[in-house]
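>>> My questions are about this predicted structure, shown below with the sequence.
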Amino acid sequence: MSATHAPAGVSFLPDGTFQDRVAVVTGGGTGLGLEISRGLAALGADVTILSRNPEHHTALLEEGTRNGWRVTAGTIDVREGKDVSRATAELLERTGHVDILVNNAAGNFVCPSERLSFNAWRAVLGIVLDGTFFCSREFGRSMIEHGGGQILNIVATYAWTGMPGVVHSASAKAGVLAMTKTLASEWARHGIRVNAIAPGPFESQGAAGNLWPDEEWAERLRKQVPLGRFGTAEEIALHCLYMLSPASAWMTGECVVVDGGSSLTPSWWNAGEHVKRKKDA
Ligand code: HXC
Ligand code: NAP
């Protein structure tokens, strides 16, 4: 395992933490999904990444070959139930079972709600909400048969705070949060843990392209993060790996926020400023 190929802090988990685990990461070829996939593979898992564009798979596949990792890729659109069923059947044919599913694939862009077309709404709801359920149902069935497993969903804090300009994504992520808690409760009897993580803004090509298209926007957003910077995909992935590891074996139905304080109420007063009582003013 090399620090340049896996999330930098991945060594905080013992070598072989995910040995012989079969993992699926949707959108596992880019951004956060890529870092989670690298971490799982570096720690011994057999990882399959699933997304639309095969060009996005090359980096992990090449890295896997160089490092002797077990990594495979499949081309699917998670909005299409038949694609998800086909990918599940292909994986099960090869491995017999699946232990870990990371529902990471997403689509997003900023658009005032009154201008959002029906098709644009459907595109994002389809990827985030339908895709998460389709994958959970298909891979979840195998986990039930096999006697357990775990699912990690990637959401965003605006699932409960709301946020202007992203009604499609916020609504979809809120649905995924409800799905997380529902499936955690429903499938606990099968030994399946279902959790979520809500990252704050972190650098990725998809986020940069759709949410902060130039440096001026990025800087405006960074200034709103109490800890003063965007996160990195690597550091968010570390939390994901911890949540997927045996160290989190008693955690289910939970959503962990890792956002540099972004979702805290913005200060009404300047930090450190003393507001005098009226009688002392
Ligand atoms: C308004 C838009 C639009 C935009 C697309 N549409 N982009 N409307 N503003 N910027 C509309 C199109 O006009 C079309 O509607 C409909 O959406 C579908 O567009 P397509 O391009 O045909 O869709 P598709 O090829 O399926 O692509 C899906 C996508 C795209 C979601 C639109 O952006 C994508 O593939 N994104 C994947 C990567 C990504 O978004 N990553 C960001 C993750 S960050 P009409 O009516 O014209 O047909 C994240 C959380 C961030 O999720 C949280 C920060 C805290
Ligand atoms: P990203 O690199 O754009 O990742 C999105 C991935 O989803 C891509 O690999 C894409 O691959 C895949 N995907 C999109 N539509 C798909 C579809 N229909 N079927 C299958 N795969 C599809 O963005 P990211 O920033 O790393 O986002 C990862 C996760 O973090 C997402 O759930 C996102 O909502 C969440 N998140 C991100 C931020 C942030 O600031 N970046 C903040 C909070 C939460 P293909 O193009 O190959 O299909």
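Perfect, thanks for sending it. Since this is a predicted model, take the numbers as computed values, not measurements. Ligands and ions are numbered 1, 2, ... in the order given.

>>> Now do the strands in this protein.
22-26, 46-51, 70-75, 100-103, 149-154, 192-199, 255-258 (DSSP state E).

>>> Show me what the third one is packed against.
With contacts defined as 3 or more Cβ pairs under 8 Å, 6 or more residues apart in numbering; DSSP states H and E, strand 70-75 has these neighbours: helix 31-42, strand 46-51, helix 58-67, helix 81-95. Any C-beta I mention is one placed from the backbone N, CA and C, and that applies to glycine too.

>>> Now do that strand against helix 58-67, angle only.
Strand 70-75 runs at 160 degrees relative to helix 58-67, counting by axes from the mean of the first three to the mean of the last three Cα atoms, to 10 degrees.

>>> residues in contact with stretch 180-189?
136, 140, 143-144, 151, 153, 155, 192-196, 252-255 (Cβ atoms under 8 Å, 6 or more residues apart in numbering).

>>> Now the stretch 101-250 of the chain against ligand 2: closest residue?
residue 206 (1.8 Å; Cβ to the nearest ligand atom).

>>> Report the contact partners of that residue.
Counting by Cβ under 8 Å, 6+ apart, residue 206 touches 30-31, 106, 108.

>>> Can you say which of the strands of the chain is nearest to ligand 1?
Nearest to ligand 1 among the strands of the chain is strand 192-199; the distance by Cβ to the nearest ligand atom comes to 7.2 Å.

>>> ok, residue 91 - contacts?
Taking Cβ under 8 Å, 6+ apart, we find residue 91 in contact with 22, 24, 48, 74, 98.

>>> how much space between it and ligand 1?
Separation of residue 91 from ligand 1 (Cβ to the nearest ligand atom, to the nearest Å) stands at 23 Å.

>>> Ligand 2 contacts on the stretch 151-281 of the chain?
Contact residues (Cβ under 6 Å from any ligand atom) of the stretch 151-281 of the chain with ligand 2: 154, 156, 199, 201-202, 204-207, 233.

>>> rewinding a little: can you tell me which of the helices and strands packed on strand 70-75 is nearest to residue 245?
Shortest separation from residue 245 across the helices and strands packed on strand 70-75 is recorded for helix 31-42, at 10.0 Å, computed as Cβ to Cβ.

>>> Hmm, residue 22 is touching residue 95, no?
Yes - using Cβ atoms under 8 Å, residue 22 is in contact with residue 95, at 4.6 Å.

>>> Lovely, talk soon.
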